[in-house]
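Novice: sequence unknown, structure follows:
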């Protein structure tokens, strides 16, 4: 269970008021984080709470269409990805905002929240592997800083709800210091946009999410310029690259499906709604015969590649589809 992927999925389900799945996930989180209270919070755990997920290569298997190597486990489990806790803190905040808990439940989650904040405080100013889990590269990734801000911001909101004003004030100040640093070091004056990492010139689709998590207003000139720069440089044949910089596997050659949905939402939020709708309608046509998506799409043929079906792709599809609904309060009409 990737904490990031699971939290993003539950966030979408929470918007649709699907309480049962969210409740089970929060229970899972409580269990694993209580049992490992004195240990660093990992980016992923086994579905039974396992902490060691050793990666192995199965050389006797050829893989789908000879796509070796075939692996089990995941070597990324011990990576430092400083964005991870932000998604979880965001979904915990929303869960208890929608479904208030008992005093005992709240006290239990409060201890976990304090531990999560300690982890973020110790790590946010350090380089990491980012949302894209680079295996051989650590940098000060801008989006990791953004999600560290989210962790402190949502923790402060939770503290306010619980009338713990000293914590709320302290965590708000920490969040603001992160935002100030991102504005200073993440912005490239020459390119006129936020870039993938401090001091570099690479474009990164994850930065389209800055407004989604309320780090920056969608009408802020810096965000508008960033969206346009990312589209100009990463949009190709109706689809989006995650980034074009060389990674552990070379220069990316396929589109990462969720990134095109991120672009659609970003364009919608900055007022380019007709263009957003056009791209969305094209994306709908790229699904398979039962409306599902894989992790990647081939730019030229639109063939589905990678993990299938991919949770990322479908949560983004739902989030984007809601934007174009005539009734923006769709969730009011759906029974939990």
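Specialist: That came in fine, so what should we check first? Note that the structure is a prediction, hence the values are computed from the model and not measured.
Novice: just so I have it, where are all the strands in the stretch 51-200 of the chain?
Specialist: 56-57, 71-72, 187-188, 193-194 (DSSP state E, counting those that start in this stretch).
Novice: would you turn those into CSV with mean neighbour count, distance to residue 20 and mean pLDDT?
Specialist: The C-beta positions use only the backbone N, C-alpha and C, and glycine is treated the same way. Listed next are the strands of the stretch 51-200 of the chain as CSV, based on neighbours: other CB atoms under 10 Å; distance: least, CB to CB, whole Å; pLDDT from 0 to 100:
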stretch, mean neighbour count, distance to residue 20, mean pLDDT
strand 56-57, 12, 34, 92
strand 71-72, 12, 30, 87
strand 187-188, 18, 42, 98
strand 193-194, 25, 38, 98
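Novice: gap between stretch 172-188 and the chain center?
Specialist: Here stretch 172-188 is found 19 Å from its chain centre; the criterion is CA atoms, centre = their mean, to the nearest Å.
Novice: domain assignment for the protein?
Specialist: 1-185, 188-336 (automatic domain parsing).
Novice: show me what contacts residue 251?
Specialist: 244-245 (CB atoms under 8 Å, 6 or more residues apart in numbering).
Novice: cool, and the one 10 residues further on?
Specialist: Going by CB under 8 Å, 6+ apart, residue 261 touches 280, 283, 313, 316-317, 319-320.
Novice: Return the subset of those lying in helices.
Specialist: Those of the contacts of residue 261 mapping onto helices are 280, 283, 313, 316-317, 319-320, per DSSP state H.
Novice: Most neighbours out of the residues you listed, which is it?
Specialist: residue 313 (26 neighbours; other CB atoms under 10 Å).
Novice: That one against residue 295, yeah?
Specialist: Yes. Between residue 313 and residue 295 there is a contact under CB atoms under 8 Å: 6.7 Å.
Novice: Quick check: neighbours shared by the two?
Specialist: Common neighbours of residue 313 and residue 295 (CB under 8 Å, 6+ apart) are residue 257.
Novice: That's all I had, so thanks and see you.
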